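Student: requesting a structural model of the entry that follows:
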Amino acid sequence: MTTALLNNRYQTIKLLGAGGFGETFLAADTYLPSRRPCVVKQLKPVANDLQLYQIIQDRFQREAATLEALSAGSDQIPKLYAYFSENGQFYLIQEWIEGETLTKKVTSEGVLSEATVWKILVSLLKVLHYVHSKGIIYRDIKPDNIILRQPDCQPVMIDFGAVKETMATAIAAQGRSIYTMVLGTPGFMAPEQAVGRPIYASDIYSLGMTAIYLLTGKLPQELEVDPHTERVIWQQYAANVSPSLAAVLNKAVEYQPRDRYSTAIKMLNDLQSVDTISSRQEVDRDAIAPPHQQTLETQTIPPPTIRQSSGKKQKYLIFGGLLIGGLLSTATVFSLVPQPAPRSSVLPVSPPAPVSVDLPVPTDRSPQPPLQRGTTERESPASPV
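Tutor: Numbers count the residues shown, from 1 in each chain. The predicted structure follows:
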């Protein structure tokens, strides 16, 4: 590709990637004052037959229209700005997503936490459910095709395989049978997709393998497979992952499609259940074992500090007490109902003994069992999960 403007509008800046179906460039839109950055995908048909070219062109237009509709319904799919053909090649002009791929993040920072992977999965499953609802199979989910967008860190799905499949279309010499090359990335690609029969559950498999890579840092080729169950063995590389999340991922990457989640929404529901359980456990732990625990059986209140007076001060106190007692007796004599004056006695002042206050406790002094999950001592409205 030269530096000349594509379609008399888009100026290429640098090469972003290259593959068997074409090349991807960062470019600038010269029609806009801001020279808005965009991604140019140059797609090359497999064959140069004129009849095949017309078939590919028709499919390319349909797939471009599909991409436009998809991007209009989700901000986690790059927007399609334009598409055209030029010099026998096809071009897609898409939104430039600033950020880093999941592959680069793991390479630079190491494996991701369970909480981070959970958030990524929940976010992508919603997008995948939306894509599948339009009758589209993504076909090439992998860490390289997911960008964590800056500054909101939302995962964005790029490089849809449907357009690549159009470019891979080939036709037999007799012009009767049409077939396509197998698309996908080995390891992340589901077994049935590897033989040319992708289904919705194939995307589930690819997303599950992507999550396992994020948790372990291991590519699928580095993981062993149980010869009896055909299950991927990965948990020894992520020992801190909760059993509930591991169970969801194991189901997502089952070898047989019938044993996997059949839809993205089913996997999403199970993931949200995993989060609900974790949240309740954290709430229960906080309720049962607060930071400052107190024993409710007996609390000893320290006695107030009283300074004792000695010598003349003590005599003055005794005299003052006698004087006050006399005044009270006089007031009683002049009351409406005559009654004998109360005897007043003076006891020696002595320091008070420590006072122990016993709070009400159950008669059974044995330790009480912890509260059951989701219950408290006093009923209160359930908080939203």
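
Student: ok, Lys14 - contacts?
Tutor: Phe25, Leu26 (C-beta atoms under 8 Å, 6 or more residues apart in numbering). All C-beta atoms are positioned from the backbone trio N, CA, C, and that covers glycine.

Student: what's the answer for Gln272, then?
Tutor: Contacts of Gln272 by C-beta under 8 Å, 6+ apart are Val122.

Student: so Val117 lies in a helix, does it not?
Tutor: Yes - according to DSSP: H, G, I helix; E, B strand; the rest coil, Val117 belongs to a helix.

Student: wait, it sits on Leu215?
Tutor: Yes - using C-beta atoms under 8 Å, Val117 makes contact with Leu215 at a distance of 5.7 Å.

Student: pLDDT wise, what is the closest residue in space to Leu102 that isn't next to it in sequence at?
Tutor: What sits nearest to Leu102 in space, not counting adjacent residues and going by C-beta to C-beta, 6 or more residues apart in numbering, is Pro143, at 3.8 Å. Confidence at Pro143, expressed as pLDDT, is 97.

Student: what's the answer for Ile120, then?
Tutor: At Ile120, the pLDDT value in this model is 97.

Student: and the one 3 residues further on, by the same measure?
Tutor: Per-residue pLDDT puts Ser123 at 97.

Student: list the contacts of it.
Tutor: Gln76, Gln154, Pro155.

Student: tell me which residues form a beta bridge with the last one?
Tutor: As for beta bridges, Pro155 partners with Leu148 under DSSP bridges.

Student: for it, what are its contacts?
Tutor: Gln76, Leu102, Ile120, Ser123, Leu124, Val127, Ile146, Ile147, Leu148, Arg149.

Student: can I get those in a markdown table including distance to Ala247?
Tutor: Formatted as a markdown table, the contacts of Pro155 follow (distance: C-beta to C-beta, whole Å):
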| residue | distance to Ala247 |
| --- | --- |
| Gln76 | 26 |
| Leu102 | 22 |
| Ile120 | 18 |
| Ser123 | 20 |
| Leu124 | 19 |
| Val127 | 23 |
| Ile146 | 23 |
| Ile147 | 28 |
| Leu148 | 26 |
| Arg149 | 30 |
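
Student: so which of those residues sit within strands?
Tutor: Ile146, Ile147, Leu148, Arg149 (DSSP state E).

Student: and which of those residues is nearest Ser34?
Tutor: Arg149 (19.0 Å; C-beta to C-beta).

Student: correct me if wrong: that closest one contacts Ile97.
Tutor: Yes - between Arg149 and Ile97 there is a contact at 5.5 Å, judged by C-beta under 8 Å.

Student: those two: which is more packed in?
Tutor: Set Arg149 next to Ile97 and count neighbours by other C-beta atoms under 10 Å: Ile97 wins out with 21 against 16.

Student: and the pLDDT for the more buried one?
Tutor: pLDDT at Ile97 comes out at 96.

Student: tell me the secondary structure for it?
Tutor: Ile97 ends up coil, using three-state DSSP.

Student: contacting residues for it?
Tutor: So Ile97 contacts Val39, Pro78, Ile147, Arg149, Val156, Ile158 (C-beta under 8 Å, 6+ apart).

Student: okay if I get these as JSON lines plus distance to Arg62?
Tutor: Formatted as JSON lines, the contacts of Ile97 follow (distance: C-beta to C-beta, whole Å):
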{"residue": "Val39", "distance to Arg62": "21"}
{"residue": "Pro78", "distance to Arg62": "18"}
{"residue": "Ile147", "distance to Arg62": "26"}
{"residue": "Arg149", "distance to Arg62": "28"}
{"residue": "Val156", "distance to Arg62": "23"}
{"residue": "Ile158", "distance to Arg62": "20"}
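
Student: what's the most distant pair in the residues you listed?
Tutor: Pairwise over the contacts of Ile97, using C-beta to C-beta, the maximum falls at Val39 and Arg149, 13.5 Å.

Student: count of neighbours near the closest residue to Ser242 other than its chain neighbours?
Tutor: Counting by C-beta to C-beta, 6+ apart, Ser242 lies nearest to Glu114, which is 6.5 Å off, once chain neighbours are set aside. By the criterion of other C-beta under 10 Å, Glu114 has 19 neighbours.

Student: so Ile233 touches Pro220, yeah?
Tutor: No - checked against C-beta under 8 Å, the pair Ile233 and Pro220 is beyond contact range at 11.4 Å.

Student: neighbour count winner among these two?
Tutor: The neighbour count for Ile233 versus Pro220, taken as other C-beta under 10 Å, is higher for Pro220 (20 against 11).

Student: and that one, backbone torsions?
Tutor: Phi and psi for Pro220, reported as degrees, to the nearest 10, are phi -50, psi -30.

Student: isn't it up against Met209?
Tutor: Yes - shown here, Pro220 and Met209 form a contact pair, counting by C-beta under 8 Å, at 5.4 Å.

Student: residues shared between the contacts of the two?
Tutor: Joint contacts of Pro220 and Met209 (C-beta under 8 Å, 6+ apart) are Gly187, Phe188, Val232.
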